[in-house]
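Asker: The following block contains a protein sequence and its predicted model.
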Amino acid sequence: MIKILFICHGNICRSSAAEFMFKQLIKDKKLTKVFCCDSAATSYEEIGNDTYPPMKRVLLENNIDLTRHYARRMTVEDYNTSDLILCMDEENMYGINRIIGVDKDKKVYILPRYVNVNYDEIEDPWYSGRYELVYSQLYECLNLLINKLLNKHS
């Protein structure tokens, strides 16, 4: 099983959305025995908080199954037990490196760059307010991710 960890700053918008969306995609594609995922933050700011209401609204509008989310910070143990760690932007990369030190196993990437789309980062909708854009970018990236990993491991 391939274990993926999605990372953003607070774990209440982008990474929690990616987790719920990825779980929905692998369920719909009957790939729950191939992939599993989780999400975490690089900061302590939102620990214990649920997915931010505007992000949750967009997920629900797109028929993504949700449960109560509890934001948490990434740990070194997460690094050790994950096969692939995908963050949303350069700031997240910096935050991950502060937590783990060196990415000795070369498993930390920025999601859009990992799947080779024409944008470098998933913007933080907490600041931009563009939750629908974040949803559509995550949807594109996550579908490409599944295909890339299936092709790589087949």
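Answerer: Good, I have the coordinates.

Asker: Contacts for stretch 136-149, please.
Answerer: Contacts to stretch 136-149, defined as C-beta atoms under 8 Å, 6 or more residues apart in numbering, come from residues 2, 4, 14, 17-18, 21-22, 25-26, 29, 31, 35, 62, 84, 86, 111-112, 114-117, 119, 122. For the C-beta atoms, the positions are set from N, CA and C on the backbone; glycine is no exception.

Asker: Among those, which lie within helices?
Answerer: Judged by DSSP state H, the subset of the contacts of stretch 136-149 located in helices is 14, 17-18, 21-22, 25-26, 111-112, 114.

Asker: mind listing what's buried in the longest helix along the chain?
Answerer: Assignment by DSSP H gives helix 131-152 as the longest helix of the chain. For helix 131-152, burial by neighbour count (16 or more other C-beta atoms under 10 Å) applies to 131, 134-135, 137-139, 141-142, 144-146, 149.

Asker: One more: stretch 114-133?
Answerer: Going by neighbour count (16+ other C-beta under 10 Å), the buried part of stretch 114-133 is 114-115, 121-122, 124-126, 131.

Asker: Just the closest of these to residue 70, please.
Answerer: Residue 70 has its nearest neighbour among those in residue 126, at 17.7 Å by C-beta to C-beta.
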